[in-house]
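Engineer: Okay, here's the prediction I keep looking at, along with the sequence it came from:
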Amino acid sequence: MTTPGLLSGITVLDFSRVLAGPMATQILAELGATVIKVERPGRGDESREFQPTLPHGESAYFFAFNRSKKSITLDLKHERGRQIARELAKTADVVVENFLPGHMQRMGLGYDALSADNPALVYVSNTGFGQTGPNKDVKGYDTIFQAMSGIMDLTGHPDAPPAKAGIPLSDMTSGLWIVIGALAGLASKAATGRGAHIDVAMMDVQVSLLALAAARVFANNESPTRVGTEHLGRVPSAAFECLDGGWLHISGSDAHWLPLCEVLALDDLAAAEELRANLGRVRHRELVMTALRAAIGGRYREELAKDLRAAGVPVGEIRSVREVLDDNNTESRRMIGTFDHPTEGEFPAIRTPLAVATDHAHSIPPMQAPPLLGADTDDILRTVLELDDNEIAALHKERTI
């Protein structure tokens, strides 16, 4: 018998598409919630068409963010489709949507309408700029928010143009805050019996990531600039190229300074009293970094990493995604699982990064395949809304589902 997930018994009605919302609802699903993904008949979530595609036409992009869900197709342009959505919302604990402000309200699917029938409903709206403010109707994508939030201006090397993060940072951090909002709403519901409307703006999430950069502005009105892999307030904390062309990122506190100098045979730096404290090393950044680059550039990556770890110095090899996926720590932490898809067969995926003690009453359920478009439509209508076969056949005929 499978141990129930931490969110077993929770039902999520998911109107979101592409990344932030689907990532969030996948997390909820893989914590045990029942997630019903509402999709357009015929096409579904547009990310079903994103590259790369697999041998039988499914999208690897879609696979990454839609596991362990059920799919129902509903044409929300038709009143009957909207009516079915409202009926499903009466049975839900959480609704997640990422349409522009006002869109769900115009369909009669906004928070006010759905909470009137289900006062305990937790309703999470994810948009680019939020439900209020001068930009609320402005559309945007991940990199737009990286640019407008200042994150892109902070990313990259000082002698190079601004750069985006190597992952869709705005989308994925927003997905995490959708989950946090949903869980906070569920906690409030448990305490008060009432739900809430939670407004998650991707721009707000990116601004929240500026906490340290903003502290510098607040402290001395100095706007941070791009420093590549270095750290404005700590030396050393940077990537260094080794003799074999590999790269190491080395960081640490004052306690690591002398061990680092010893491994690298930098006796002169170790003897300099003004470099013992980080503040002094920051003041003499160029001197310190020049000496470190020269010493590290004469060592092989794996050998140096081993020596630094033995000395207690924090160090990390800069690795490719392929190397990380093949790493024994990734394997031992069971971060890669597999699911069996009805058309693509067995497929690997990154697991939810939470583990629960094996003797606990709940666990993290095994991941399930992303649903085929509309695969669960008839079953959901039959079991949740108790429609009979004739009613379901009529909905198919009129193309509501």
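Structural biologist: Done, it's in. Residues are numbered from 1 along each chain as shown.

Engineer: Centre-most residue in the chain?
Structural biologist: The residue lying closest to the centre of the chain (Cα atoms, centre = their mean) is residue 172, at 2.9 Å.

Engineer: sec struct for the closest residue to it other than its chain neighbours, please.
Structural biologist: Spatial nearest neighbour of residue 172, excluding adjacent residues (Cβ to Cβ, 6 or more residues apart in numbering): residue 23 at 6.3 Å. Just so you know, the C-beta spots here come from the backbone N, C-alpha and C atoms, and that holds for glycine as well. Put simply, residue 23 is helix when judged by DSSP: H, G, I helix; E, B strand; the rest coil.

Engineer: Around residue 218, count how many other residues there are.
Structural biologist: 9 (other Cβ atoms under 10 Å).

Engineer: To clarify, my last question referred to residue 133.
Structural biologist: 13.

Engineer: got any ranges where the stretch 1-150 of the chain has weak pLDDT?
Structural biologist: Within the stretch 1-150 of the chain, the segments meeting pLDDT under 70 span 1-2.

Engineer: And the helices in it?
Structural biologist: Residue ranges of the helices in the stretch 1-150 of the chain, as given by DSSP state H, counting those that start in this stretch, are 20-30, 60-65, 79-90, 103-106, 111-117, 142-148.

Engineer: For residue 14, find the nearest of those.
Structural biologist: With respect to residue 14, and counting by Cβ to Cβ, the nearest of these is helix 20-30 at 4.3 Å.

Engineer: Could you name the helices and strands sitting against that closest one?
Structural biologist: strand 11-14, strand 34-39, helix 60-65, strand 94-97, strand 122-127, helix 169-192 (3 or more Cβ pairs under 8 Å, 6 or more residues apart in numbering; DSSP states H and E).

Engineer: okay if I get those as a markdown table plus distance to residue 111?
Structural biologist: Below are the helices and strands packed on helix 20-30 laid out as a markdown table (distance: least, Cβ to Cβ, whole Å):
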| stretch | distance to residue 111 |
| --- | --- |
| strand 11-14 | 13 |
| strand 34-39 | 16 |
| helix 60-65 | 24 |
| strand 94-97 | 8 |
| strand 122-127 | 4 |
| helix 169-192 | 11 |
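
Engineer: Could you give me the buried positions within the one helix or strand residue 279 maps to?
Structural biologist: For residue 279, the element it lies in under DSSP states H and E is helix 278-283. Residues of helix 278-283 classed as buried by neighbour count (16 or more other Cβ atoms under 10 Å): 278, 280, 281.

Engineer: for stretch 143-154, same thing?
Structural biologist: Buried-residue list, stretch 143-154, by 16+ other Cβ under 10 Å: 143, 144, 145, 146, 147, 148, 149, 150, 151, 152, 153, 154.

Engineer: And for stretch 236-249?
Structural biologist: Per 16+ other Cβ under 10 Å, stretch 236-249 contains these buried residues: 236, 237, 238, 240, 242, 246, 247, 248.

Engineer: avg pLDDT for it?
Structural biologist: Mean per-residue pLDDT for stretch 236-249: 97.

Engineer: Regarding that stretch, how distant is the last residue from the first?
Structural biologist: Taking Cα to Cα, to the nearest Å, the first and last residues of stretch 236-249 lie 9 Å apart.

Engineer: export the helices of the stretch 1-150 of the chain to a markdown table and tack on distance to residue 388?
Structural biologist: Formatted as a markdown table, the helices of the stretch 1-150 of the chain follow (distance: least, Cβ to Cβ, whole Å):
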| stretch | distance to residue 388 |
| --- | --- |
| helix 20-30 | 28 |
| helix 60-65 | 32 |
| helix 79-90 | 14 |
| helix 103-106 | 29 |
| helix 111-117 | 23 |
| helix 142-148 | 44 |
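
Engineer: wait, which of those helices is closest to residue 180?
Structural biologist: Nearest to residue 180, of those and by Cβ to Cβ, is helix 20-30 at 9.1 Å.

Engineer: ok, and what's touching the closest one?
Structural biologist: The contact list for helix 20-30, computed with Cβ atoms under 8 Å, 6 or more residues apart in numbering, reads 5, 7, 10, 12, 14-16, 35, 37, 45, 47, 65-69, 94, 96-98, 124, 126, 170-172, 174-176, 178-179, 182, 202, 351-352, 364-365, 367-368.
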